[in-house]
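Trainee: give me the fold of what follows.
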Amino acid sequence: MTEIKKLSDIAEFINGGAWDQGSYSDKGIAVVRVSDVKNGEIDLSQCKFLKKELSEKYKKHQLQEDDLIICTVGSHPTQPGSVVGRTAVVSSEVTGSYLNQNAVLLRAKEGFDQKWLGFLGSNPDFHSYIKAHARGAASQVRMSISALKEMPIPSISLAQQKKSSDILDTYRSSIRNNLKKIKVLEKMAQTIYIEWFVNFRFPGHENVNLVDSKTDFGEIPEGWTVEKMLDVGQVITGKTPSKLIESNFGHEVPFIKTPDLHGNMFCIKTSEYLSEKGASSQKKKNLPRNTLIVSCIGTLGVVSITTKESQTNQQINALVPNDDTFLEYGYFLLKGMKKQLQNLGSNGATMGNVNKGKFENIKVILPSKANLNEFNQVTSTMFQLIENLQKQNLYLTQTRDLLIPKLVTGEIEIKA
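Mentor: I've put the predicted structure just below:
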């Protein structure tokens, strides 16, 4: 019979640090906040930095590779995009960063394997316990450390821990390697975009004159134009079918919301789906494959691309390009408009909003057909590789998640 221990029996708990604004700087030591914990990984692309001179004073909050991070404050685990209960395992790239408040890091005690502890944090039973014990209003709950320490954990032998974590680690390594490849490919395509369409150093630019666009864009290459967003494609603002009719929701049509876009060039998977009936009830909201979608209410300027016929909720504006070769250019164009969208959506309200009318009337530079075609030819293979890698990661993640509860609890015993 598997022995049951408390989480505090197998792990040391170290709280995140609390710093005032004066402790931060433009560079220094990366600080991991709960908002940086996404999809089981830590994303430092939007992180803050602690002044280096404070490093010794707060060294106890420094992260080590394979530390298990648990977010303890935020929206309730039952809420979409919830923060409380999010977990992540520190990768080599994040090692040395400092952990901010509202999260706790766990390190295995003697006799327990750190990687096994990390995979425990992905076990559905682990998250079910947090969901049951988090306390507070739906918008702001807290998972107390004392309750977390009482979590019952099936304890298997150290040898079995290591064997199970070795198997699961092959999946995690493959997923992380694919994520690195995705970042490199997107960076390569973005670098070309900036060189061609921001710096105007596209192939043959030496033979093209700059002319006055008679807009705020100033001079642009001859043959390029300034158009409104509605001129480059059809703009469709999403809508949610009535939730009073349960049969509107099912497993057939991806129903995209802002959290589904984060960190994903392509929207491969969604947290919610519509039924064929639900999608048919608002046919004008159907989006074909390779539609550009951008969040325009609340969190503004998050961009992704559909991979199959989908619909979105009302917080997203979609752009169905008139020209297929616009896709790759349009993706980076919209990503570069984040600040503009934030300014446009700021109307004194607590939640930013760029409605359909505002979005349609945004002016953009449209390169010549020849330049768009050439950029499409150069970058479309990169985009296809990224989509394939995202699909691989979805398959790897689903397989890993099926194995985790069976391996970390000893339900499947691994022979030597």
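Trainee: show me the contacts for the nearest residue to Phe112 once chain neighbours are set aside.
Mentor: Nearest residue to Phe112, sequence neighbours excluded (Cβ to Cβ, 6 or more residues apart in numbering): Ile10, at 4.6 Å. (C-beta placed from N, C-alpha, C; glycine too.) Residues counted as contacts of Ile10 (Cβ atoms under 8 Å, 6 or more residues apart in numbering) are 108-109, 112, 117, 153, 155.
Trainee: just the buried subset of those residues, please.
Mentor: Buried by 16 or more other Cβ atoms under 10 Å: 108, 112, 117, 153, 155, out of the contacts of Ile10.
Trainee: so which of the residues you listed sit within helices?
Mentor: Among the buried ones among the contacts of Ile10, DSSP state H puts Leu117 in helices.
Trainee: just to revisit the earlier point, would TSV of the contacts of Ile10 with distance to Ile130 be doable?
Mentor: Output for those, formatted as TSV (distance: Cβ to Cβ, whole Å):
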residue	distance to Ile130
Ala108	19
Lys109	21
Phe112	20
Leu117	15
Ile153	13
Ser155	19
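Trainee: how about stretch 64-74: buried residues?
Mentor: Neighbour count says stretch 64-74 has 66-74 buried, by 16+ other Cβ under 10 Å.
Trainee: check contacts around Phe217.
Mentor: Phe217 sits in contact with 226, 363, 365, where contact means Cβ under 8 Å, 6+ apart.
Trainee: roughly how far apart are it and Met337?
Mentor: Per Cβ to Cβ, to the nearest Å, Phe217 is found 13 Å from Met337.
Trainee: before we move on, the earlier item: can you say which of the contacts of Phe217 are buried?
Mentor: Applying 16+ other Cβ under 10 Å to the contacts of Phe217 flags Ile365 as buried.
Trainee: let me have the contacts of Phe217 in CSV, adding secondary structure, distance to Ala189 and pLDDT as columns.
Mentor: Below are these laid out as CSV (DSSP: H, G, I helix; E, B strand; the rest coil; distance: Cβ to Cβ, whole Å; pLDDT from 0 to 100):
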residue, secondary structure, distance to Ala189, pLDDT
Val226, strand, 24, 97
Lys363, strand, 24, 97
Ile365, strand, 18, 97
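Trainee: just the closest of the contacts of Phe217 to Lys243, please.
Mentor: Checking the contacts of Phe217 against Lys243 with Cβ to Cβ, the nearest one is Lys363 at 36.9 Å.
Trainee: shaky segments in the stretch 1-150 of the chain?
Mentor: The model of the stretch 1-150 of the chain has pLDDT under 70 over residues 1-2, 76-81, 138.
Trainee: so where do the helices sit in it?
Mentor: Remark: helices assigned in the stretch 1-150 of the chain by DSSP state H, counting those that start in this stretch are 7-10, 114-120, 124-133, 145-149.
Trainee: pick the most buried one from these.
Mentor: helix 114-120 (a mean of 24; mean count of other Cβ atoms under 10 Å).
Trainee: what packs against that one?
Mentor: Contact here means 3 or more Cβ pairs under 8 Å, 6 or more residues apart in numbering; DSSP states H and E; on that basis helix 114-120 packs against strand 68-71, strand 87-89, strand 103-108, helix 158-193, helix 369-408.
Trainee: how far away from the center of its chain is that helix?
Mentor: 23 Å (Cα atoms, centre = their mean, to the nearest Å).
Trainee: only C-alpha atoms, please: export it in CSV.
Mentor: Provided in CSV are the C-alpha atoms of helix 114-120 (Å, rounded to 0.1, in the frame of the first residue of the first chain):
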residue,chain,number,x,y,z
GLN,A,114,13.4,17.3,-7.1
LYS,A,115,12.2,16.4,-10.7
TRP,A,116,9.6,14.1,-9.3
LEU,A,117,8.4,16.9,-7.0
GLY,A,118,8.1,19.1,-10.1
PHE,A,119,5.9,16.7,-11.9
LEU,A,120,3.8,16.3,-8.8
